[in-house]
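Peer 1: Fold the following, please.
(chains A and B)
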Protein chains: 2
Amino acid sequence: MNRTGLLIILSSPSGAGKSTLARRLMNWDASLRFSVSATTRQARPGEVHGRDYYFTDRAAFSDMVADGQMLEHAEVFGNLYGTPRAAVERAMAEGVDTLFDVDWQGGQQIRASALGPQVVSIFVLPPSLRELERRLRSRGQDDDAVIAERMRKSRDEISHWAEYDFVLINSDLDSTEAELRGIIRAERLRRERQRGLGSFVKSLMEEQV
Amino acid sequence: MNRTGLLIILSSPSGAGKSTLARRLMNWDASLRFSVSATTRQARPGEVHGRDYYFTDRAAFSDMVADGQMLEHAEVFGNLYGTPRAAVERAMAEGVDTLFDVDWQGGQQIRASALGPQVVSIFVLPPSLRELERRLRSRGQDDDAVIAERMRKSRDEISHWAEYDFVLINSDLDSTEAELRGIIRAERLRRERQRGLGSFVKSLMEEQV
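Peer 2: This next block holds a predicted model:
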């Protein structure tokens, strides 16, 4: 059955497993499309333009916003981040589901947009803040001040949990991945997302039996 | 996580596989509770009071309706059918999911009731009306006039497909059962159905890290 693509919003504090889960979902279903954000921040070593981000400057970014070409955008730690609208609308029309790794600000803006009815929003909670901090420290990338700042941002992110359709507690990656798969599979079966149903039922009713 | 029980409404024209699917779901998850309707019609051979139906008379049925004890009720082929409210509310409070085998009239009334937010409604379509008629005939129970009447009722039932949250086309019982399981599993994860989330997040935020 032909259908409209879902906009799957996955949010969580950093360290709760969101990136790992997003990667696993992309491996699970090759038809899922990952939404690549535009940003004004500098590319880090290893990051690829068009795969990890669309790297751009403030002037070009602001032009896109003024032009209505950003589905959502926000400033985080002094850098601009945003989701270009065109690719998302194209995926939706083609029946391709898009996965968004965005924070609560991005989630709010996408839900409030004209594309809102296609949104399935999922918030992933850590089992505890202690566990979250442990995961951040185990990366070994950041000093105490940066970790304290990330934990502050995590609490801010968690405070928005009640705006999401689904809330999962990620105590175990395999179980959480299975729950995410189940949600995506079920949401595809919602009546309003199956485009051909009306005409299928019409042809049923016109059958001569 | 503690949660509120779902009210799972399964509707379909007769012959589309609804009873088989309901039975399979009950076998799959022993925690599901099947909603037993009250009816004024005579018990058929083999039917057990309290398992298949609560058999009652018109006077007692009308008293329950007048008393607000019926969650929904309707007259079909001259007999009254209804869902006693108490058992459903108890199951919901205990976090037990209830499965309803009701027609569009029952579905509409349960959705419109105060329990509406806990409803997950699923409509099962046959792949074709010809197939539906074939299944009705293969039971060998009914003559042409009864089958014609059932087919008329089936068209009436199908005409209400667009009132349901999910619509499945039952071309294959195993696939349809898997879709139903997926829907139930996913709906259990909806934020508003998980009762302990608010206090879980509160305890997260109060952690000293």
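Peer 1: Give me the contact list for the lowest-mean-pLDDT helix or strand in chain A.
Peer 2: Least confident helix or strand, chain A: helix A:129-138 with a mean of 89, by mean pLDDT, DSSP states H and E. For helix A:129-138, the surrounding residues in contact (CB atoms under 8 Å, 6 or more residues apart in numbering or on different chains) are A:13-16, A:126, A:142, A:147, A:150-151, A:154-155, B:204-205, B:207, B:209. For the C-beta atoms, the positions are set from N, CA and C on the backbone; glycine is no exception.
Peer 1: In ChimeraX, how would I select just the buried ones from these?
Peer 2: Per 16 or more other CB atoms under 10 Å in any protein chain shown, the buried members of the contacts of helix A:129-138 correspond to this ChimeraX selection:
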select /A:13,14,15,16,126,147,150,151,154 /B:204
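Peer 1: From B:Leu189, how far off is the residue in chain A that chain B sits nearest to?
Peer 2: When scored by CB to the nearest CB, chain A has A:Ala186 as its residue closest to chain B, at 3.7 Å. Spatial separation of A:Ala186 from B:Leu189 under the definition CB to CB, to the nearest Å is 9 Å.
Peer 1: more crowded one of these two?
Peer 2: Higher neighbour count among A:Ala186 and B:Leu189: A:Ala186, with 23 against 20, using other CB atoms under 10 Å in any protein chain shown.
Peer 1: give me phi/psi at the residue lying closest to the more buried one once chain neighbours are set aside?
Peer 2: With CB to CB, 6 or more residues apart in numbering or on different chains as the criterion, A:Ala186 has its nearest non-adjacent residue at 3.7 Å, and that residue is B:Ala186. Main-chain torsions, B:Ala186, degrees, to the nearest 10: phi -70, psi -40.
Peer 1: what's B:Ala186 in contact with, if anything?
Peer 2: The contact partners of B:Ala186, taken as CB under 8 Å, 6+ apart, are A:Phe166, A:Glu179, A:Gly182, A:Ile183, A:Arg185, A:Ala186, A:Glu187.
Peer 1: Filter those residues down to the ones in helices?
Peer 2: Taking DSSP state H as the definition of helices, these contribute A:Glu179, A:Gly182, A:Ile183, A:Arg185, A:Ala186, A:Glu187.
Peer 1: ok, for the fourth one, nearest residue in space, not its chain neighbours?
Peer 2: Taking CB to CB, 6+ apart as the measure, A:Arg185 lies nearest to B:Gly182, with 4.9 Å between them; neighbours along the chain are not counted.
Peer 1: Report the contact partners of the one you found.
Peer 2: Residues in contact with B:Gly182, defined by CB under 8 Å, 6+ apart, are A:Gly182, A:Arg185, A:Ala186, A:Leu189.
Peer 1: export those residues to TSV and tack on pLDDT?
Peer 2: Output for the contacts of B:Gly182, formatted as TSV (pLDDT from 0 to 100):
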residue	pLDDT
A:Gly182	95
A:Arg185	94
A:Ala186	96
A:Leu189	94
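Peer 1: Looking at those residues, which is nearest A:Leu99?
Peer 2: Using CB to CB, A:Arg185 comes nearest to A:Leu99 of these, at 14.1 Å.
Peer 1: burial measure for the closest one, as a count.
Peer 2: A:Arg185: 17 surrounding residues under other CB under 10 Å.
Peer 1: gap between the residue nearest to A:Ser12 when sequence neighbours are not counted and A:Leu168?
Peer 2: The spatial neighbour of A:Ser12 that comes closest, neighbours along the chain excluded (CB to CB, 6+ apart), is A:Val124 at 3.7 Å. From A:Val124 across to A:Leu168, the span is 5 Å (CB to CB).
Peer 1: what touches both of these two?
Peer 2: Contacts common to A:Val124 and A:Leu168, judged by CB under 8 Å, 6+ apart, are A:Thr176.
Peer 1: can you pull the contacts of A:Ile158?
Peer 2: Going by CB under 8 Å, 6+ apart, A:Ile158 touches A:Pro13, A:Leu125, B:Val201, B:Leu204, B:Met205.
Peer 1: From these, which land in helices?
Peer 2: Reading helices off the contacts of A:Ile158 with DSSP H, I get B:Val201, B:Leu204, B:Met205.
Peer 1: what does chain A have sitting close to chain B?
Peer 2: When proximity is defined by CB under 8 Å from any CB of the partner chain, chain A lies next to chain B at A:1, A:123, A:125-126, A:128-130, A:132-133, A:151, A:155, A:158-159, A:161-162, A:164-169, A:179, A:182-183, A:185-187, A:189-191, A:194, A:197-198, A:200-201, A:204-205, A:207, A:209.
Peer 1: now with 7 Å?
Peer 2: By CB under 7 Å from any CB of the partner chain, the part of chain A that sits against chain B consists of A:128-130, A:133, A:151, A:155, A:158, A:161-162, A:164-168, A:179, A:182-183, A:185-186, A:189-191, A:194, A:197, A:201, A:204-205, A:207, A:209.
Peer 1: for the residue nearest in space to the middle of chain A, helix, strand, or coil?
Peer 2: Nearest to the geometric centre of chain A sits A:Phe100, at 2.0 Å (CA atoms, centre = their mean). Following DSSP: H, G, I helix; E, B strand; the rest coil, A:Phe100 is assigned to strand.
Peer 1: quick revisit: which one of the contacts of helix A:129-138 sits closest to A:Arg90?
Peer 2: A:Ser14 (29.3 Å).
Peer 1: List the contacts of that closest one.
Peer 2: By CB atoms under 7 Å, 6 or more residues apart in numbering or on different chains, the residues touching A:Ser14 are A:Arg150, A:Ser154.
Peer 1: rewinding a little: out of the contacts of B:Gly182, which comes closest to B:Gly46?
Peer 2: The nearest member of these to B:Gly46, counting by CB to CB, is A:Leu189 at 34.4 Å.
Peer 1: wait, the closest one sits on B:Ile184?
Peer 2: No: at 11.7 Å, A:Leu189 does not count as touching B:Ile184 under the criterion of CB atoms under 7 Å.
Peer 1: can I get the CA coordinates of the helix or strand harbouring A:Ser199 in PDB?
Peer 2: A:Ser199 belongs to helix A:197-206 when elements are defined using DSSP states H and E. C-alpha atoms of helix A:197-206 as PDB (Å, rounded to 0.1, in the frame of the first residue of the first chain):
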ATOM      1  CA  LEU A 197      -6.900   2.900   1.400                       C
ATOM      2  CA  GLY A 198      -9.800   5.100   0.200                       C
ATOM      3  CA  SER A 199      -9.600   3.800  -3.300                       C
ATOM      4  CA  PHE A 200      -9.000   0.200  -2.200                       C
ATOM      5  CA  VAL A 201     -12.300   0.400  -0.100                       C
ATOM      6  CA  LYS A 202     -14.100   2.100  -3.000                       C
ATOM      7  CA  SER A 203     -13.100  -0.800  -5.300                       C
ATOM      8  CA  LEU A 204     -14.200  -3.300  -2.600                       C
ATOM      9  CA  MET A 205     -17.600  -1.700  -2.400                       C
ATOM     10  CA  GLU A 206     -18.000  -1.700  -6.200                       C
END
